[in-house]
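**Q** Everything below, folded, please.
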Amino acid sequence: MLDSPRHAMPIDESSLRYEGWRIVAVCFLLATFGWGLGFYGQSVYVAELQRARGWPASLISSGTTFFYLFGALLVVFVGEAVRKYGPRLSLIAGTLAMAAAAVAIGAVREPWQLYLANAVLAFGWAGTSLAMITNTISLWFDEKRGMAISLALNGASFGGIAGVPLLVALIGHIGFAGAMYAAAGAMLVLLVPVILLLVGRPPDRHGWQAAAKAKPQSSTEIRAWALRDAGFLTVTIAFALVLFAQVGFIVHLISFLDPVIGRERAAVAVAVLTAMAVVGRVLFSLVIDRINQRLASALSFLSQAAALLVVVNLHNDYVLIAACAVFGFSVGNLITLPSLIVQQEFDSAAFGVLISLNTAINQVTYAFGPGVVGFLRDLSGGYTLPFYLCIVLEVMAAALIMVRGRPRLSGMTSA
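**A** Below you'll find the model as predicted:
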């Protein structure tokens, strides 16, 4: 029984023997494949399909935009899926969907097939990315949730650092289709057994209280409430603005730096940015559960704005690389902080629905970041205007995130 004394015992989340840390390891592996194939892999798909099929970049990129937007629609329901089917089945479903998407992308021969493959990829992304990972980890962690999520999401960076070069190397040896099939096979072989072996039934932290509660509100009612709540809206809109700026800047970073400091040093700057995202996430995980997370978010936004200001105005090689390092230090934390603020300020029973909604809104917004930055670059003849827009958005977000609204930790999900 879930409400037995065994489940009511206190849980020591700091113990290395606690089963929750095995879940973190599973989610790290999931994030490695999820971001490697779903997020960072997009740049590989665009280049390979353009080379192999001769399709215009605009056609392939529109498929990527479709992937992000359709994926955002699916992400909204991740919390409900985890609650209804449990973490094990949800993680396996996400793994199977991502593997199927990799096979579908490798088999693309016609433009309509690209959109179909991106639709399957959207299912895989929803089942292997931020919403799935935060919802899963929240079932095992409360006090150490920030650290657990931060460590698990280092898999996202690993997917970019190691996964993409491995995929490119495979393409060179066995071709694009063969590489995608191999990636799908590796994902199934590594993840499915690990999930089956390590992901069990999460502990019931609130067994007696949950049994005594009246029937909670439905997910639809929670979402409707959240979209009228000032506290939830300030978190969601602030991070949507920042991620719009962040993704837009990062996608165009090499195009900006190449004529300024050369392709080799531009690549170094991107590598430093990515590495600092890992460093920042690991260091932040040590204190993230004990600090004012809204204030930490605002300071992160302002540090990125300052780094962007340096990038726009100073073109010394080492200064630009240092600015990219400062910008990168906050990159990883900006996908962790929203879930921690939601956990801290809202009813835990609504966490899955709220963080899935937050993630979906953010994804819809940042999907347009690269396109808007590119449009403004073409319109103005350079990157000064679009990067200043990113600075303005970061500063606006820093002010907005400090508007907390009324605390509503209870009653929100009451009958």
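
**Q** Select the longest helix from the protein.
**A** Counting by DSSP state H, the longest helix found in the chain is helix 164-198.

**Q** So what's the residue count around residue 161?
**A** For residue 161, the count of nearby residues is 18 (other CB atoms under 10 Å). C-betas here are computed from N, CA, C, even on glycine.

**Q** I meant residue 172, not that one.
**A** Applying other CB under 10 Å, we find 10 residues neighbouring residue 172.

**Q** The one 10 residues further on too?
**A** By other CB under 10 Å, the residues close to residue 182 number 18.

**Q** show me what contacts it?
**A** By CB atoms under 8 Å, 6 or more residues apart in numbering, the contact set of residue 182 is 170, 174.

**Q** Use 41 as the first number for this chain going forward.
**A** With the count now opening at 41, the last piece we talked about shows up as residue 222.

**Q** Let me know the distance separating it from residue 160.
**A** Counting by CB to CB, to the nearest Å, the gap from residue 222 to residue 160 is 18 Å.

**Q** ok, back up a step: distance from the chain centre to the longest helix of the chain, please.
**A** The chain centroid and the centroid of helix 204-238 are separated by 21 Å under CA atoms, centre = their mean, to the nearest Å.

**Q** List the buried residues for it?
**A** 204, 207, 210-211, 216-217, 219-224, 227-228, 231, 234-235 (16 or more other CB atoms under 10 Å).

**Q** same thing with stretch 358-371?
**A** Going by neighbour count (16+ other CB under 10 Å), the buried part of stretch 358-371 is 360, 361, 362, 363, 364, 365, 366, 367, 368, 369, 370, 371.

**Q** re the thing from before, mean confidence (pLDDT) on the longest helix of the chain, please.
**A** For helix 204-238, mean pLDDT is 92.

**Q** Skipping adjacent residues, who's closest to residue 89 in space?
**A** Closest residue to residue 89 apart from its sequence neighbours, by CB to CB, 6 or more residues apart in numbering: residue 100 at 5.3 Å.

**Q** Need the mean per-residue confidence for the helix or strand containing residue 286.
**A** Residue 286 belongs to helix 270-291 when elements are defined using DSSP states H and E. For helix 270-291, mean pLDDT rounds to 91.

**Q** and what of stretch 335-352?
**A** The average pLDDT within stretch 335-352 is 95.

**Q** buried stuff in it?
**A** 336-338, 340-348, 350-352.

**Q** same question, stretch 431-446
**A** 431, 433, 434, 435, 436, 437, 438, 440, 441.

**Q** Residue 418 - how many residues pack around it?
**A** Residues near residue 418, counting by other CB under 10 Å, number 10.

**Q** Secondary structure class of it, three-state.
**A** Secondary structure, DSSP: H, G, I helix; E, B strand; the rest coil: residue 418 is helix.

**Q** any idea how far it lies from residue 355?
**A** Residue 418 sits at a distance of 21 Å from residue 355 (criterion: CB to CB).

**Q** cool, residue 363 as well?
**A** Distance of residue 363 to residue 355, computed by CB to CB: 11 Å.

**Q** Look up how far residue 344 lies from residue 260.
**A** 35 Å.

**Q** Just list what the host helix or strand of residue 260 packs against, helices and strands only.
**A** Using DSSP H and E, residue 260 maps to helix 259-266. The helices and strands touching helix 259-266, judged by 3 or more CB pairs under 8 Å, 6 or more residues apart in numbering; DSSP states H and E, are helix 391-406.

**Q** what's the model's confidence in the helix it packs on, averaged?
**A** What helix 391-406 shows for mean pLDDT is 88.
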